[in-house]
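Student: Provided below are the primary sequence and the corresponding predicted coordinates.
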Amino acid sequence: MLNICQKCGKYHADKLIDPSGSYAICPACGYKHLFRRLPLLVCTGPSGSGKTAVCSFLLQKTQEFVIMESDILWRKEFDSPESNLNDYRNMWLRVCKNISQSGRPVLLCGSTNPGQFEKCVESRYFSSIHYIALVCDDDVLESRLKSRPSWRVSGSKGNI
């Protein structure tokens, strides 16, 4: 929605953001597209730390933000060291940016490190990015990973 200019029709993820207002400026024609610049909330932590459980709990308790699980769009082709997962992160930022236009910020649940989203071109469309990192004791984490179904391949010694 925001990457396609409403005036010239060109696609640009790298629009300039007007600091005096919430406008994305098309680098091709200068058109100022009004948009909502909301914060992005990120719930992160290692596999087994409780991210999905916390976000599932929040789904029942609030409607102030849209809660999304980042694993739902994961595909093997994103797992490339040369891109450092930036294609995957930019895709999620584009999804969250478009959802935010409804007037509610997004809480994205998935494993990432603070600073990784900020390196992506799509991060310019958020007023800020806030992280909460979930942690637990090593023995609890190991127990949780081992108790997962085998199809998740998370309980192996190599994974732990």
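Tutor: Looks like it came in fine.
Student: in what helix or strand does L145 lie?
Tutor: Here L145 sits within helix 138-146, counting by DSSP states H and E.
Student: ok, and for that helix, which residues are buried?
Tutor: Using 16 or more other Cβ atoms under 10 Å as the test for burial, helix 138-146 gives 141, 144-145. Where you see a C-beta, it was placed from the backbone N, CA and C, and this is true even at glycine.
Student: chain center to it: distance?
Tutor: 25 Å (Cα atoms, centre = their mean, to the nearest Å).
Student: please save the CA atoms from it in CSV.
Tutor: Coordinates of each C-alpha in helix 138-146 appear next as CSV, following Å, rounded to 0.1, in the frame of the first residue of the first chain:
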residue,chain,number,x,y,z
ASP,A,138,18.9,-23.0,31.2
ASP,A,139,17.4,-26.1,32.7
VAL,A,140,13.8,-24.9,32.2
LEU,A,141,14.6,-24.0,28.6
GLU,A,142,16.2,-27.4,28.0
SER,A,143,13.2,-29.2,29.5
ARG,A,144,10.8,-27.2,27.3
LEU,A,145,12.7,-27.9,24.1
LYS,A,146,12.9,-31.6,24.9
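Student: what does it rub up against?
Tutor: Outside of helix 138-146, the residues within contact range by Cβ atoms under 8 Å, 6 or more residues apart in numbering are 46-49, 136, 154-155, 159-160.
Student: look up how far Q6 lies from S70.
Tutor: 29 Å (Cβ to Cβ, to the nearest Å).
Student: what residue ranges in this protein are flagged as low confidence?
Tutor: 152 (pLDDT under 70).
Student: ok, residues contacting stretch 5-25?
Tutor: 2-4, 26-29, 31-37, 90, 94, 121-122, 124-125.
Student: show me what the residue nearest to S111 when sequence neighbours are not counted is bridged to.
Tutor: Sequence neighbours aside, T44 is the residue nearest to S111 in space, at 5.8 Å (criterion: Cβ to Cβ, 6 or more residues apart in numbering). Beta bridges link T44 to A133 when assigned by DSSP bridges.
Student: got the buried residues for the longest helix belonging to the chain?
Tutor: Among the segments of the chain that qualify as a helix by DSSP state H, the longest is helix 86-100. For helix 86-100, a neighbour-count test (16+ other Cβ under 10 Å) marks 86, 88-97, 99-100 as buried.
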